[in-house]
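> Below are the sequence and a predicted model for it; my questions follow.
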Amino acid sequence: MSYDVVIIGGGLAGCSAARQLAQRGHDVCLLEQHTYPRHKLCGEFLSPEAQDSFRQLGVLDAVMAAGAQSIGRTRLTDARGATTEHPLPRPALGLSRYRLDALLFEAAGTAGVDGRSGTRVTGLQGSLAEGFVVDTTDGTVEGRMVLGAYGRRTRLDRTLDRPFLDESSPYVGFKAHYKGPGVPDTIELHSAPGGYCGVSPVEGTRANVCWIGRVDALKAAGGTPEAMLADLRQNPALEARLQGLQRVSDRFEAVSQVPLMPKDRFVDDVCMVGDSAGMIAPLCGDGMAMALQAADLVVPLASEVLRGERPAPSFRRAYDRQWRQTFGTRMRMGRWVHAAAFRPGAAHTLVRACQWLPPLARWLIRSTRG
């Protein structure tokens, strides 16, 4: 079967791009290797900018009806007990990927997208000049264009021989949902030796507890996510927050080799969107909004190519330039703050500085959001 666009990955970036391209009159095939609904390792914090994308996409009302929680403040703490709180410039939202991804995949389908869940890509070849052939577990599909929106790191990256795979990442991440005494409308970021942990509300009066740390810290703690979280609870504010909360997730979501290094936006003419194009440090809380924004960037350019109004080389240059202009500064700032969070002295200095100088905190928030 032949399409204008084949999109690999049915997360936020993939579903948003698919729906928008279909609304512009293009034939779109959306391939997702998993089935919905499913839990996914993610901070599940939608920074204020995400609402603009949802509104443009026509799904904001559905997102709110799914139980999205309003988040108005951010709280930073360190292991020595330093704490600072600041209002967000606009309300953010908390909603699980279990609900959000399924909602967006369905929204893509209602726009005319051929959405295929449970379909894994096994091979890919072609170019923007000659078109693409995509081999999947559900047969072969063809497309004039391919968008890679399959996330931070998959086997497809190895098939495409992406350079970032040559760099080893020392980070692992875990996530689970908890329930207990009311979780405030605050995104909390708690730094501790070996890693940092975020806590924020999602639907159903639940809290998403998501943390990232070094592999050596995981091993030193005993090799289990429970033991690693217990070590992070050396931070007194995190210990106080988790008191009385009970895990309601059946299991911990986990990921290793978290890739925070730079990536290319195009690989063999495959255009990368979302975490496939670059993953911001999790403590910035901007990854989900960035995925939606990246889809908003690529759609008009891709549509121009498909209508014969823009040549492929111009598409590659324009998308890469716009991506770097939109996300480059926040990516660099995110890596700097991420590195500081792993150094107790630097983390303490940063939290204290934000406490004493609120304008600094506001600047950091702005800098990780362009």
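Looks like it came in fine. Numbers count the residues shown, from 1 in each chain.
> now the strands for the stretch 1-150 of the chain?
2-8, 28-32, 45-46, 69-77, 83-94, 114-117, 121-127, 131-136, 139-148 (DSSP state E, counting those that start in this stretch).
> Tell me which of these sits nearest to H190.
Ranking these by proximity to H190 (CB to CB) places strand 69-77 first, at 4.9 Å. For glycine as for every other residue, the C-beta is placed from the backbone atoms N, C-alpha and C.
> mind listing what's buried in the closest one?
Neighbour counts over strand 69-77 (16 or more other CB atoms under 10 Å) mark Q69, I71, T74, R75, L76, T77 as buried.
> next one: stretch 230-242
In stretch 230-242, counting by 16+ other CB under 10 Å, buried: D231, L232, R233, N235, P236, A237, L238, R241, L242.
> Please convert these to a markdown table, extending it with distance to L357, pLDDT and secondary structure.
Shown next, in a markdown table, are the buried residues of stretch 230-242 (distance: CB to CB, whole Å; pLDDT from 0 to 100; DSSP: H, G, I helix; E, B strand; the rest coil):
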| residue | distance to L357 | pLDDT | secondary structure |
| --- | --- | --- | --- |
| D231 | 30 | 94 | helix |
| L232 | 27 | 94 | helix |
| R233 | 28 | 94 | coil |
| N235 | 22 | 94 | coil |
| P236 | 23 | 95 | helix |
| A237 | 20 | 95 | helix |
| L238 | 24 | 95 | helix |
| R241 | 25 | 93 | helix |
| L242 | 29 | 94 | helix |
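> Pretty sure S168 sits in a strand.
No: judged by DSSP: H, G, I helix; E, B strand; the rest coil, S168 forms no part of a strand; its state is coil.
> ok, it touching P259?
No: contact criterion CB atoms under 8 Å: S168 and P259 do not qualify, at 9.6 Å.
> in the stretch 201-350 of the chain, which spans are strands?
Secondary structure of the stretch 201-350 of the chain (DSSP E, counting those that start in this stretch): strands at 206-214, 246-247, 253-256, 266-267, 270-272.
> Neighbouring strands - and their directions - for the third one?
Put plainly, it is strand 253-256. Within its sheet, strand 253-256 is paired with strand 171-179 (antiparallel), according to DSSP bridges.
> Following element in sequence after the strand it pairs with, please.
Next in sequence after strand 171-179, counting helices and strands by DSSP states H and E, comes strand 186-192.
> Dump the C-alpha coordinates for that next one into CSV.
Extracted in CSV, the C-alpha atoms of strand 186-192 (Å, rounded to 0.1, in the frame of the first residue of the first chain):
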residue,chain,number,x,y,z
THR,A,186,3.0,21.2,42.0
ILE,A,187,5.7,19.6,39.9
GLU,A,188,8.4,18.6,42.4
LEU,A,189,12.0,17.9,41.6
HIS,A,190,14.1,16.3,44.3
SER,A,191,17.9,16.0,43.9
ALA,A,192,19.9,13.4,45.9
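> before we move on, back to that, looking at S168 and P259, which is more packed in?
Of the pair S168 and P259, P259 is the one with more neighbours under other CB atoms under 10 Å, namely 20 against 9.
> I'd like to check which residues are in contact with that one.
The contact partners of P259, by CB atoms under 8 Å, 6 or more residues apart in numbering, come to R152, R153, F164, E167, S169, M279.
> are any of those residues buried, and which?
So, by 16+ other CB under 10 Å, the buried ones in those are R152, R153, F164, S169, M279.
> From those, pick the one nearest Y178.
Closest approach to Y178 among those (CB to CB): R152, at 23.9 Å.
> Roughly how far does the closest one sit from L41?
Applying CB to CB, to the nearest Å, one obtains 9 Å for the distance of R152 from L41.
> anything in contact with each of these two?
Joint contacts of R152 and L41 (CB under 8 Å, 6+ apart) are V255.
> Helices along the stretch 251-370 of the chain, start to end?
287-306, 312-341, 344-356, 358-367 (DSSP state H, counting those that start in this stretch).
> which of these is buried the deepest?
Ranked by mean neighbour count, these are led by helix 287-306 with a mean of 23 (mean count of other CB atoms under 10 Å).
> Dump it to PDB, keeping only the CA atoms.
This file holds the C-alpha atoms of helix 287-306, laid out as PDB (Å, rounded to 0.1, in the frame of the first residue of the first chain):
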ATOM      1  CA  GLY A 287       9.900  16.600  26.700                       C
ATOM      2  CA  MET A 288       6.200  16.100  26.000                       C
ATOM      3  CA  ALA A 289       5.600  19.700  24.900                       C
ATOM      4  CA  MET A 290       8.700  19.600  22.700                       C
ATOM      5  CA  ALA A 291       7.400  16.500  21.000                       C
ATOM      6  CA  LEU A 292       4.200  18.300  20.200                       C
ATOM      7  CA  GLN A 293       6.000  21.500  19.100                       C
ATOM      8  CA  ALA A 294       8.300  19.500  16.800                       C
ATOM      9  CA  ALA A 295       5.300  18.000  15.100                       C
ATOM     10  CA  ASP A 296       3.900  21.600  14.700                       C
ATOM     11  CA  LEU A 297       7.300  22.600  13.100                       C
ATOM     12  CA  VAL A 298       7.600  19.700  10.700                       C
ATOM     13  CA  VAL A 299       4.000  19.500   9.400                       C
ATOM     14  CA  PRO A 300       3.900  22.700   7.200                       C
ATOM     15  CA  LEU A 301       7.300  22.000   5.700                       C
ATOM     16  CA  ALA A 302       6.500  18.300   5.000                       C
ATOM     17  CA  SER A 303       3.200  19.300   3.400                       C
ATOM     18  CA  GLU A 304       5.000  21.800   1.100                       C
ATOM     19  CA  VAL A 305       7.300  19.000  -0.100                       C
ATOM     20  CA  LEU A 306       4.400  16.700  -0.700                       C
END
